[in-house]
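Asks: Sequence first, then the predicted structure, then my questions.
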Amino acid sequence: MGTVALSVLDRSSIRGEQDRAAAIRDTVRFARQAESLGYQRFWVSEHHSVPGVAGSAPTVLATAIADATERIRVGTGGVMLPNHRPLVVAEQFGVLEALHPGRIDLGIGRSLGFTGGVRAALGAEATTDFEPRVSELLGYFDATSGPYPGVHAFPAECTHPPVFLLATGAGAQLAARLGLALVIAPVRGTEQLLERIAEYRAAFVPSARLPAPYVLLSTSVAVAETTEAARRLLLPEAWATAYSRTHGVFGPLEPADAVLAHPWSARQQASIEETLGQQIYGTPLEVGERLRELLARTGADELLITMSTFDRAEMLDSYTRLAELHLP
């Protein structure tokens, strides 16, 4: 592996008729494999009431992964703070850090539940109060007790796990103001990505938590023997995304052959092409060239890889090939 660190974000995707518990166990197994390949971090996500995703409780799953691994950093990408009280999040990560000192990351985001019913069930609060909630959370780690005098988040005080902010909405500006690391994805093109990264770096205020800007670039990467084989790896998730946009349901991943057998509507075709256009895939040589170009343009400090596909053996092969690239 090269000088740029590579990390993994896994959503615990469900494959076909797979049992959800099996998908969770697969994630823990995959974390051990990622560790053996030399990946820097292994993060899990928070999704509620999504038929195709088993990852709903990232703090609990991160605990199981940290228990099952030895070296790799473990964290969340991320805990959606509108769904949780900052005190509880601080306490949970304080316990995680106490059990696995020096290995825990806290990635936080501001996304609400996908539907009104999910938001109501979670008691999710409007994102307009996101910055005060982040500040309150950080205060518990810093032993300033936030807005509630005498309230302490034991055993979180003074543990200072690295905090990463997902760049949704005004996340980049907030990360800069609070001196936090930034997680950002090239969702709407490279130029907009470059602008947001530049704004983050220009506005960054050094903190005791982080003395200089740190950009973790999240992207989906598939590596295979041929370009077409790599593209096929991305089709199951691209189809699930397209289907969710036209039917409102993100379902379990299907094999690439099954995806290709579906009669795609014009809207689904456009969605799939849009998704694939935002992702990096190809042979090791092709992927290496594209990633080096992306790193040169963005100056990203680390890559967070989010790729998932139906066949887990093929997915592991892709991550293995990626880990063997030398990225300056």
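Replies: Cool, got the structure. In this text the structure is predicted, and so the values were computed from the model without any measurement.
Asks: okay, CA-based contacts and neighbour counts for the rest of this
Replies: OK.
Asks: Read off the pLDDT value for residue 127.
Replies: Looking at residue 127, its pLDDT is 64.
Asks: correction: residue 66
Replies: So, for residue 66, pLDDT stands at 98.
Asks: Count residues in the vicinity of it, would you?
Replies: 23 (other C-alpha atoms under 10 Å).
Asks: give me the element it is part of.
Replies: helix 58-68 (DSSP states H and E).
Asks: Then residue 107?
Replies: strand 106-109.
Asks: helices or strands up against that strand?
Replies: For strand 106-109, the packing partners by 3 or more C-alpha pairs under 8 Å, 6 or more residues apart in numbering; DSSP states H and E come out as strand 73-76, strand 79-80, strand 163-166.
Asks: buried set for the helix holding residue 66?
Replies: Under the neighbour-count criterion of 16 or more other C-alpha atoms under 10 Å, helix 58-68 has 58, 59, 61, 62, 63, 64, 65, 66 buried.
Asks: how about TSV for these, with distance to residue 204 added?
Replies: Below are the buried residues of helix 58-68 laid out as TSV (distance: C-alpha to C-alpha, whole Å):
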residue	distance to residue 204
58	28
59	28
61	32
62	29
63	31
64	34
65	32
66	31
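Asks: What lies in contact with the helix or strand bottoming out on mean pLDDT in the chain?
Replies: The weakest-scoring helix or strand in the chain, judged by mean pLDDT, DSSP states H and E, is helix 116-122 (a mean of 83). With C-alpha atoms under 8 Å, 6 or more residues apart in numbering as the test, helix 116-122 has contacts from 48, 49, 83, 112, 113.
Asks: tell me the two of those that are most distant?
Replies: 49 and 83 (13.6 Å; C-alpha to C-alpha).
Asks: the more surrounded of the two?
Replies: residue 83 (20 against 16).
Asks: is it true that that one touches residue 112?
Replies: Yes - between residue 83 and residue 112 there is a contact under C-alpha atoms under 8 Å: 7.2 Å.
Asks: Could you pull out the residues contacting both of the two?
Replies: residue 124.
Asks: residue boundaries of the strands in the stretch 151-300 of the chain?
Replies: Assigned by DSSP state E, counting those that start in this stretch, the stretch 151-300 of the chain shows strands spanning 163-166, 181-184, 215-219, 221-223, 280-282.
Asks: Throw the ones you listed into TSV and include distance to residue 253 and mean pLDDT, thanks.
Replies: Below are those laid out as TSV (distance: least, C-alpha to C-alpha, whole Å; pLDDT from 0 to 100):
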stretch	distance to residue 253	mean pLDDT
strand 163-166	25	96
strand 181-184	25	96
strand 215-219	19	96
strand 221-223	16	98
strand 280-282	19	98
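Asks: what's the closest of those strands to residue 303?
Replies: strand 215-219 (4.9 Å).
Asks: What strands line up against the strand holding residue 107, and which way round?
Replies: strand 79-80 (parallel), strand 163-166 (parallel) (DSSP bridges).
Asks: rewinding a little: could you work out the most separated pair of the buried residues of helix 58-68?
Replies: So, the buried residues of helix 58-68 by C-alpha to C-alpha: farthest apart are 58 and 66, at 11.8 Å.
Asks: where in the chain is pLDDT low?
Replies: For the chain, the stretches with pLDDT under 70 are 1-2, 113-114, 125-128, 145-146, 169, 187-189.
Asks: hmm, try it at 80
Replies: 1-3, 112-116, 124-128, 144-146, 168-170, 187-190, 328 (pLDDT under 80).
Asks: can you tell me which helix in it is longest?
Replies: helix 227-247 (DSSP state H).
Asks: is the closest residue to residue 318 other than its chain neighbours in a bridge, and if so with what?
Replies: Nearest non-adjacent residue to residue 318, counting by C-alpha to C-alpha, 6 or more residues apart in numbering: residue 223, 4.7 Å away. Note on residue 223: beta-bridge partners residue 282, judged by DSSP bridges.
Asks: Count the neighbours of residue 223 for me.
Replies: 27.
Asks: That one against residue 323, yeah?
Replies: No - counting by C-alpha under 8 Å, residue 223 stays clear of residue 323, with 10.1 Å between them.
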